[in-house]
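In: Here you go, sequence then predicted model.
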Amino acid sequence: MSTLKNLCVFMGSSEGNHPDYVAQAKELGMHLAEKNIELIYGGGNVGIMGELSRSVLSNGGKVTGVIPKKIYDMVEHVDLTHLHIVEHMHERKAKMYELADGFIALPGGIGTLEEVAEVMTWFQIGYHSKPIGLFNVQQFYTPLLHLLEHMIKEGFLKKEFLQNVIIEDNFVTLLQKMNDLQTTFVDKWSN
């Protein structure tokens, strides 16, 4: 069983088209602060990223941002608990993954999808055994779930892998299931 003390959250640098995306990010931020779970994220000040980090901070929580220098030089900043300025995106992701006890994806765009796909890949090949959660606000990740199920059906993914990915539309339930999860390594290459 894991104990989530530092949670890496992937999410959009835009607010999206549904007001619930921002509202749920703010609620999650309050909850993380109440539970003394430090937010690890990409360091941005805009979109869902900015809303979540400000919510954690305004409720007395801790936030660590990891941002590439190129992006840091182009954007305004939230006064975070800790900020790591790195050279490039690969270093950013490696640092975020290192600091985290688990991962959650909120709604977002192609960058969010890439980040969550990478932690799923790293889990699948045994680079980590940390819980992965998809916060399914407004059924945002339901199409991804259908794609993963299609990958299983077509023989590109083992069905046992999905037992290690938690998909919930309630963040309290999501975090509890992630905390309670006994992750199991599924050998990608065995029959």
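Out: That came in fine, so what should we check first? Numbering: from 1, shown residues only.

In: in the protein, which helix or strand is least confident?
Out: For the chain, counting by mean pLDDT, DSSP states H and E, helix 69-72 ranks last in confidence among helices and strands (a mean of 89).

In: For Ile104, give me phi and psi.
Out: phi -130, psi 140 (degrees, to the nearest 10).

In: quick one: it from Gln24, how far?
Out: For Ile104, the distance to Gln24 equals 11 Å [Cβ to Cβ, to the nearest Å]. Glycine gets a C-beta too; all of them are placed from N, C-alpha and C.

In: More neighbours: which of these two?
Out: Using other Cβ atoms under 10 Å as the criterion, Ile104 and Gln24 rank with Ile104 on top: 27 against 23.

In: how many neighbours does Trp159 have?
Out: Wrong residue type there; residue 159 is Lys, not Trp. Using other Cβ under 10 Å, the number of residues around Lys159 comes to 12.

In: cool, and the one 5 residues further on?
Out: For Asn164, the number of neighbouring residues by other Cβ under 10 Å comes to 19.

In: try Lys93
Out: 21.

In: Quick check: it vs Gly133, distance?
Out: With Cβ to Cβ as the criterion, Lys93 and Gly133 are 17 Å apart.
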